[in-house]
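> sequence plus predicted model, see below.
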Amino acid sequence: MDRLRSQGRAFVWLFSVLMVMLLFLVQSALADEEKPVTEEILEIMRSEGQITEEQYKELKEKAKKEHEEDESTFRAYWQDGVRLDSKDNKLKIKFGGRIFLDWTQIDTEGKLDRKRPDLQGHGVEIRSARLYSEGTIYEAVQYKLEYDFEGGNLNAKNVWIGLTKIPYVGNIRFGYMKEPFSLDELTSGSYITFMERALPVEAFAPGRNTGVQLLNSALDDRITWKVGAFQDTDEFGNAFSNSSDYNITARVTGLPWYADKDKLLHLGLSYSHQFRSPANQVRFASRPEAHNTSDETVDTRDFDADDVDLFAPELALVFGPFSVQAEYFYVPIKSDSGGDPTYDGFYINVSGFVTGEHRNYDVKKGYFGRVLPKKNFHPTQPGWGAVELAARISELDTNDGDVRGGKELNLTFGANWYLNPNTRFMFNYIYASVDDRLDKANGDLNIFQARVQIDF
């Protein structure tokens with residue numbers, strides 16, 4: 001706890017320093033914007049005969065040279081966040097953050113209603129309260145520093161340093177980051193269609209760890225690839241022991257059909273091999289696509305394993321305002337004590353914008369980005385933003401071998417209102433059916449969720 005507090009204070013102090021620097025640079029940028037006024041004053045003085053033509057030319061040339069030689073000048077502007085660019089573009093910095101505020105109501109049926117009263121109830125949650133800074137230094141070095149105060153705790157989300165424009169490789173990153181696995185996992189929580197990711201994504205995706213990653217795109221961004229080696233770490237990106245676990249994870253995507261930004265077919269494949277030592281164990285678990293409850297309705301609990309393989313083929317189709325997205329997860333595990341179980345799961349999303357917008361696909365990254373309404377909402381002007389309706393079916397099966405964590409099938413219906421590119425209201429209804437758990441009660445859940453979010 002003391003360590004958490006000290007790291008929290010350190011982060012707050014660091015971000016405060018960054019904001020002071022931001023204000024200073026903005027002031028410098030604004031001062032720079034005022035420099036052309038000097039020329040206007042000189043012209044007035046010349047026209048009124050206060051200075052000669054020779055003096056005017058001399059002073060104007062001097063002011064021009066001072067402006068050109070001032071390489072410390074920054075341009076401050078807004079583009080989905082506060083951005084600062086140096087005049088020579090050798091330094092580019094962005095500051096941003098996000099806030100997710102959630103409401104949840106959960107009702108249970110069947111044996112769950114009698115044996116798991118802790119699953120029933122309602123509540124609110126600050127799902128995410130995040131701050132970050134990212135940028136490019138001298139065109140060849142990148143960085144990202146991102147922390148979240150979710151649940152009242154300080155957690156690292158991205159802390160990495162990268163090199164760009166490396167011949168034949170493209171980009172390389174060192175630090176704490178997401179492993180390149182799963183379309184749903186890599187799409188930011190600010191841009192996913194539903195409030196939470198699908199059951200098998202939470203259970204199987206490796207998430208964030210510390211390591212090194214190579215990434216690039218090819219064939220005019222029709223193909224992307226990422227590969228990395230990672231060590232399992234805690235929420236701060238740290239690990240130290242005699243029996244550390246390692247992952248080799250890779251993902252490749254392609255666009256066999258790309259007619260326009262709103263007409264495309266995405267295909268992809270993610271793979272991860274997880275080396276597990278005898279001293280450590282593995283566990284696969286998922287909440288019922290509702291984060292406000294800590295109850296994991298599917299849970300294998302810890303068991304011994306030597307190696308784990310994760311396969312995840314993926315597909316996404318965008319055709320104007322309509323889209324389909326699907327992934328299948330296949331997880332064979334080498335475990336003598338567990339009977340070498342094999343688990344799997346899938347999800348299928350469908351969505352449509354009744355106001356005519358479309359999901360934005362980032363061709364350089366191979367996943368989805370920010371939705372841009374045709375007309376932003378304004379209470380006194382025409383424009384109501386974008387409205388999206390969506391449905392999802394997801395299934396997770398962790399029953400095989402000697403380890404039986406249960407099965408779950410979820411049906412989710414969602415509605416999203418994008419007031420503008422940075423603000424969204426969300427509503428989800430989830431019907432969850434939990435079955436075949438070895439030593440736990442089975443039954444159904446009805447989950448109602450709502451969120452208001454802003455990100456930049």
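Nice, thanks for sending it over. Everything numeric here is computed off the predicted structure, so don't read it as measured data. Residues are numbered from 1 along each chain as shown.

> next SSE after the helix or strand encompassing residue 431?
Following DSSP states H and E, one finds residue 431 within strand 423-435. Moving toward the C-terminus from strand 423-435, the next helix or strand (DSSP H and E) is strand 443-455.

> buried residues in that next one, which are they?
443-445, 447, 449-451, 453, 455 (16 or more other Cβ atoms under 10 Å). Heads up, the C-betas are built off the backbone N, CA and C, glycines and all.

> need the residues you listed in JSON lines (columns: distance to residue 400).
As requested, the buried residues of strand 443-455 are exported to JSON lines (distance: Cβ to Cβ, whole Å):
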{"residue": "443", "distance to residue 400": "22"}
{"residue": "444", "distance to residue 400": "23"}
{"residue": "445", "distance to residue 400": "24"}
{"residue": "447", "distance to residue 400": "27"}
{"residue": "449", "distance to residue 400": "31"}
{"residue": "450", "distance to residue 400": "36"}
{"residue": "451", "distance to residue 400": "35"}
{"residue": "453", "distance to residue 400": "37"}
{"residue": "455", "distance to residue 400": "39"}
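
> what's the spacing between the spatially most central residue of the chain and residue 362?
Note on the chain: the residue nearest the mean C-alpha position is residue 188, at 2.5 Å, using Cα atoms, centre = their mean. Applying Cβ to Cβ, to the nearest Å, one obtains 10 Å for the distance of residue 188 from residue 362.

> shared neighbours of those two, anything?
Common neighbours of residue 188 and residue 362, counting by Cβ atoms under 8 Å, 6 or more residues apart in numbering, are residue 369.

> what's near enough to touch residue 229?
Residue 229 touches 211-212, 246-248, counting by Cβ under 8 Å, 6+ apart.

> let me know the pLDDT of it.
Reported pLDDT at residue 229 in the predicted model: 98.

> please name the bridge partners of it.
residue 212, residue 248 (DSSP bridges).

> after the lowest-mean-pLDDT helix or strand in the chain, next one along is what?
Here the helix or strand of the chain ranked lowest by mean pLDDT, DSSP states H and E is helix 2-33, holding a mean of 52. Next in sequence after helix 2-33, counting helices and strands by DSSP H and E, comes helix 36-47.

> buried sites along that next one?
Buried, per 16+ other Cβ under 10 Å, within helix 36-47: 38, 42, 46.

> who's in contact with the closest residue to the last one other than its chain neighbours?
Using Cβ to Cβ, 6 or more residues apart in numbering and skipping residues adjacent in sequence, the residue nearest residue 46 is residue 56, 4.3 Å away. For residue 56, the contacting residues are 42-43, 45-46, by Cβ under 8 Å, 6+ apart.

> domains in the chain, as residue ranges please.
Using automatic domain parsing, the domain parsing of the chain gives 1-76, 97-128+179-455.

> mind checking the SS state of the residue of the chain most remote from its centre?
Distance from the C-alpha centroid of the chain, by Cα atoms, centre = their mean, peaks at residue 49 (61.5 Å). Secondary structure, DSSP: H, G, I helix; E, B strand; the rest coil: residue 49 is coil.

> where does the stretch 151-300 of the chain dip in pLDDT?
Scanning the stretch 151-300 of the chain for pLDDT under 70 picks out 243, 279.

> the helices in it, which residues?
Ranges of helices in the stretch 151-300 of the chain, per DSSP state H, counting those that start in this stretch, are 183-186, 199-204.

> CSV please, covering these and showing mean neighbour count and distance to residue 267.
Compiled in CSV, the helices of the stretch 151-300 of the chain are given as follows (neighbours: other Cβ atoms under 10 Å; distance: least, Cβ to Cβ, whole Å):
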stretch, mean neighbour count, distance to residue 267
helix 183-186, 24, 10
helix 199-204, 27, 18
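
> between those, which gets nearest to residue 223?
helix 183-186 (14.9 Å; Cβ to Cβ).

> which neighbouring elements make contact with the closest one?
strand 322-334, strand 367-368 (3 or more Cβ pairs under 8 Å, 6 or more residues apart in numbering; DSSP states H and E).

> how far does that helix sit from its chain's centre?
Distance, stretch centre to chain centre, for helix 183-186: 8 Å (Cα atoms, centre = their mean, to the nearest Å).

> dump that helix to CSV, keeping only the CA atoms.
Extracted C-alpha coordinates of helix 183-186, given in CSV (Å, rounded to 0.1, in the frame of the first residue of the first chain):
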residue,chain,number,x,y,z
LEU,A,183,-8.9,-7.5,-32.6
ASP,A,184,-11.2,-6.8,-29.8
GLU,A,185,-8.4,-6.6,-27.2
LEU,A,186,-6.3,-4.2,-29.3
